[in-house]
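S.K.: Generate coordinates for the sequence data below:
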Amino acid sequence: MARYEKGADVDTFDAHSASGRPTRHGQGPAFLIALVAVAVVCSVALGTKTLTIPQVWHGLWNPTGTEGDVIVRSLRLPRTCLALVTGVALGVAGVLMQGHTRNPIADPVLLGVSAGAGLFVVAGIFLLGITTLHGYVWFGFLGAMLAGVVVFAVGRSARGGASPITLALGGAAAHALFGALTAAMLVLDERALDVYRFWTVGSVGGRPADITYDMLPFVVVGLVLAAANASTLNALSMGEDVARALGVRVGLGRLTGMLAITLLTGVAVAACGPIGFVGLMAAHIARARVGPDHRRMLLQAGLLGAILLLGADILGRLVARPGELPAGIMLAFVGAPVFIHLVRRRRSARL
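M.R.: Numbering: from 1, shown residues only. Predicted coordinates for the structure are as follows:
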């Protein structure tokens, strides 16, 4: 069983943790998969307009163009799929970010990914006049990718190569630089400010129905890289010297992890805006459930991320009827006190 040594700088990760020992009742993935299924059903069935169960069923399986059919198939089903994919991506990325930076509050902001996406979104609007989400979402993804490349390059240029400290410092520098450039363009262009406000609030609503299909290839590649990076993170959790002694190629592991983080967070932030707390909370809850084995944590955090984002989106539709609150705002309202509660009630593990 994995354990934490009091006062130690790194986690002690023993053979029992790495061997895939069965978890206690309620801590396996089956419970979370069931919760994801419930959240998906509720997301399709509930919203600002009340629909009966027969109306929802008719819209899913026998659509004839009625108002209920349009709401279910054209509005609720696409945003449910988007929330599901985005939640999984952000949950897995949260584990990777916290593992590679050894920072328990790591999120897309820390590595400058959100700022890079925001800069390119505003640049697409300000310089090219693009105002449709489907147009500037690709600029957001390119900006997120650029931010990831810059942060990793800065980290590798430091003495000793990329490390948790150099990655965090590089992310902070990129965030400041990109944020300043974004602010400068927003001051000069009121139209860009209006569009940027819609994007930056963080939401899965109002997005094109086919945006999820555009995201899937990047998310799948990111998840594959994350799975391949799990064993490296387990070794790195014992310290870089120990990892090298075990034959781990630390530089390659960092590069793989940063590429996975950039793909997962980049495409999620570009499509939905900078949604906070998903990766942060998912990683902490997963670690509390299954311990420090990143192979287990990645699966659990992905499922938890989907649950958190779907739940926030559902609540946002219900609490502000006949309007709705974006998922990003709901996560700030609900996520902050829940996260504080977790910190106060549970003994946090050192990263």
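S.K.: drop to CA atoms for contacts and neighbour counts, all remaining ones
M.R.: Noted.
S.K.: Now do the SS call for Ile130.
M.R.: coil (DSSP: H, G, I helix; E, B strand; the rest coil).
S.K.: any idea which helix or strand carries the nearest residue to it once chain neighbours are set aside?
M.R.: Once flanking residues are discounted, Ile130 sits nearest to Gly124: 5.7 Å by C-alpha to C-alpha, 6 or more residues apart in numbering. Assigned by DSSP states H and E, Gly124 falls within helix 113-128.
S.K.: The next helix or strand after that helix relative to helix 113-128, how many degrees between them?
M.R.: Next helix or strand after helix 113-128 toward the C-terminus (DSSP H and E): helix 133-157. Orientation of helix 133-157 against helix 113-128 (axes from the mean of the first three to the mean of the last three C-alpha atoms, to 10 degrees) gives an angle of 130 degrees.
S.K.: And helix 133-157, what's buried?
M.R.: 133, 136-156 (16 or more other C-alpha atoms under 10 Å).
S.K.: What residues of the following helix or strand past it count as buried?
M.R.: With elements assigned by DSSP H and E, the helix or strand that comes after helix 133-157 is helix 164-188. Across helix 164-188, burial judged by 16+ other C-alpha under 10 Å covers 164, 166-175, 178-179, 181-182, 185-186.
S.K.: With stretch 206-218 instead?
M.R.: Arg207, Pro208, Ala209, Ile211, Thr212, Met215, Leu216, Phe218.
S.K.: Look up the closest residue to the fifth one, ignoring the ones flanking it.
M.R.: The shortest distance from Thr212 to any residue that is not its chain neighbour, by C-alpha to C-alpha, 6+ apart, is 5.4 Å, and that residue is Leu82.
S.K.: And that neighbour, its phi and psi?
M.R.: Phi and psi for Leu82, reported as degrees, to the nearest 10, are phi -60, psi -40.
S.K.: Next, count neighbours for it.
M.R.: 29 (other C-alpha atoms under 10 Å).
S.K.: quick one, what contacts it?
M.R.: Val204, Ile211, Thr212 (C-alpha atoms under 8 Å, 6 or more residues apart in numbering).
S.K.: The helix holding Gly124 to helix 164-188, inter-axis angle?
M.R.: Using the same axes, to 10 degrees: helix 113-128 against helix 164-188 is 30 degrees.
S.K.: Alright, that wraps it up for me.
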